[in-house]
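**Q** sequence and predicted structure, then a few things I'm wondering about:
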Amino acid sequence: MDGVTDPTFRDLLLDLHDEGVLGGTFTEFLRVSAHPLPRHAIEKTLGPRGARRRLGLQLMGNHEAHLGETARRAAELGVQLIDINFGCPARGAAKSIAGCALLADPSRMRRLVQALRDALPTHIPVTAKIRSGLEDDSNLEDLAKAVEDGGAALLTVHCRTKKEAYRDGTARWERIARCVAAVNIPVCGNGGIEEHAHIEAMMRATGAAFAMVGRAAIADPWVFSGHRATTDESRDFLARYAEDMLERTQGRMVRVAARLKQMIRYWKAAGLFEESRSRWLRTKSPETLVAAILRRAEMEPSCPTPPAKA
C-alpha cells in the first residue's frame with residue numbers, strides 16, 4: 001500500500017463510510033532511520049485533516065530511541081494511535097533491517113514495541129503489524145507474543161510469509177487463528193480479503209476482533225460496506241481523487257497520473273476498466289490521462305499515435 005494510502009485516498013474512504021463500517025485507516029509507513037523524524041515530515045504524512053480523523057500513524061525502523069522520539073512528536077501533533085511495521089517485505093526494508101526483516105529477532109521486536117510504549121502517554125495505544133514469518137510460519141506464536149510482551153494493545157497479522165509476498169492462493173487464515181489463541185490482546189486479521197463477504201468470513205473463521213483490508217480497498221473503495229457502486233459513483237470517486245491530488249501536489253500532472261494508474265491497475269468497482277484497463281495504463285501523456293478522469297470519461301483516453309518514421 002506504499003504510495004497509495006496517502007491523505008487523499010484515506011479522506012475519501014473515511015468520507016464514504018461512518019465509524020460503524022470503517023473504524024479507521026493507517027498512514028503509509030514513515031521510515032525512521034538515522035534520526036527521529038521532524039514534525040513537518042509527520043504532518044505531511046498525516047495530511048491537513050489527519051490527526052482529527054480516525055487515523056493511526058505507522059512507523060518503520062529499528063532504532064528504539066529514534067522511534068520513541070518520533071512517536072512522542074507525533075503525539076504532540078494530536079496522533080491518537082501509533083503502529084509499528086514488522087510486515088513490509090520490500091528489499092529496502094530487509095537491507096536496513098526493518099519491516100519484516102525484524103521477524104528474525106522476536107526479542108528485538110519486543111524491545112521496539114516497548115520503546116514506543118514507554119515514549120507515549122498511556123492513553124495513546126501502540127499496535128504492531130507482522131507477517132506470518134520469513135521463510136515459513138514455524139515461529140508465528142513467538143512473534144505474536146513478542147508484540148504482546150512489548151506492550152502492544154493490538155496485533156495485526158498478515159497471513160502470508162515474506163517468502164509468499166502477495167501471491168494469490170497463499171493467504172492462510174488459520175495463521176490468524178493461531179495468533180488469536182497465542183495472545184490475550186485483540187488480533188486484527190489481514191490478507192486474502194477480496195470482497196465484502198470475506199471480512200465477516202475471516203473474522204468468523206479465525207476469531208479475530210478486527211479485519212484490515214489493503215489492496216481490495218483500491219479495487220473497490222466500497223468493500224467495507226458491500227455497497228455495489230454504480231458507474232457514475234466510480235467515476236466520481238476517481239475524479240475527486242484526481243482533483244484533490246492536483247491541489248495537494250500543486251498541479252504536478254506526472255505525479256497525479258502515476259497515482260491514478262496505481263488505482264486503475266487494481267480497480268474493479270462497477271467494472272469500470274474491465275475492457276479498457278491496458279489502454280488506460282498505456283496512456284503516455286499525464287495530461288491526457290488526468291483530463292479523461294476529470295471529465296469522468298466513458299471511454300478510454302486516446303493513446304498518442306507514435307510519430308511516423310522517416
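**A** Arrived safely, thanks for sending.

**Q** got the domain ranges for this protein?
**A** With domains defined by automatic domain parsing, the chain comprises 7-219, 231-294.

**Q** most tightly packed of those domains?
**A** Across the domains of the chain, averaging neighbours per residue (mean count of other CB atoms under 10 Å) puts domain 7-219 on top, at a mean of 19. C-beta: built from backbone N, CA, C; applies to glycine.

**Q** what about it, how long is it end to end?
**A** Length of domain 7-219, first residue to last, CA to CA, to the nearest Å: 18 Å.

**Q** these two touch, right, Leu16 and Trp222?
**A** Yes. Counting by CB atoms under 8 Å, Trp222 is a contact partner of Leu16 at 6.6 Å.

**Q** in a markdown table: the domains of the chain, plus mean pLDDT.
**A** Converted to a markdown table, the domains of the chain look like this (pLDDT from 0 to 100):
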| stretch | mean pLDDT |
| --- | --- |
| domain 7-219 | 95 |
| domain 231-294 | 95 |
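
**Q** for Ala257, see how far away the residue lying closest to Arg52 once chain neighbours are set aside is.
**A** Excluding the flanking residues, the one nearest Arg52 by CB to CB, 6 or more residues apart in numbering is Gly78, at 7.1 Å. From Gly78 across to Ala257, the span is 33 Å (CB to CB, to the nearest Å).

**Q** please compute how far stretch 221-230 lies from its chain's middle.
**A** Chain-centre distance of stretch 221-230: 18 Å, with CA atoms, centre = their mean, to the nearest Å.

**Q** and the helices in the protein, which stretches?
**A** Taking DSSP state H, the helices of the chain run over residues 7-16, 39-46, 64-76, 91-95, 106-119, 140-149, 173-182, 196-206, 215-219, 231-248, 253-266, 277-282, 286-294.

**Q** will you turn these into a markdown table that also has distance to Leu134?
**A** A markdown table is the format used below for these (distance: least, CB to CB, whole Å):
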| stretch | distance to Leu134 |
| --- | --- |
| helix 7-16 | 30 |
| helix 39-46 | 28 |
| helix 64-76 | 21 |
| helix 91-95 | 9 |
| helix 106-119 | 12 |
| helix 140-149 | 10 |
| helix 173-182 | 13 |
| helix 196-206 | 22 |
| helix 215-219 | 22 |
| helix 231-248 | 35 |
| helix 253-266 | 26 |
| helix 277-282 | 33 |
| helix 286-294 | 39 |
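
**Q** closest one to Leu155 among the ones you listed?
**A** Of all the helices of the chain, it is helix 140-149 that lies closest to Leu155, at 5.0 Å by CB to CB.

**Q** which residues does the closest one contact?
**A** Applying CB atoms under 8 Å, 6 or more residues apart in numbering, the external contacts of helix 140-149 come out as 86, 103, 106-107, 109-110, 113, 128, 130, 132-133, 155, 157, 175, 178-179, 182-185, 187.

**Q** go again with 6 Å.
**A** For helix 140-149, the surrounding residues in contact (CB atoms under 6 Å, 6 or more residues apart in numbering) are 103, 106, 109-110, 113, 128, 130, 132-133, 155, 175, 178-179, 182-183, 185.

**Q** ditto for stretch 7-16
**A** Defining contact as CB under 6 Å, 6+ apart, one finds that stretch 7-16 is touched by 25, 47, 49, 53, 221, 241, 244-245.

**Q** go on, stretch 111-130?
**A** The contact list for stretch 111-130, computed with CB under 6 Å, 6+ apart, reads 64, 67-68, 71-72, 75, 81-87, 143, 147, 150-154, 156-157.

**Q** that stretch: end-to-end distance?
**A** 15 Å.

**Q** distance of Val113 from Lys129?
**A** 11 Å.
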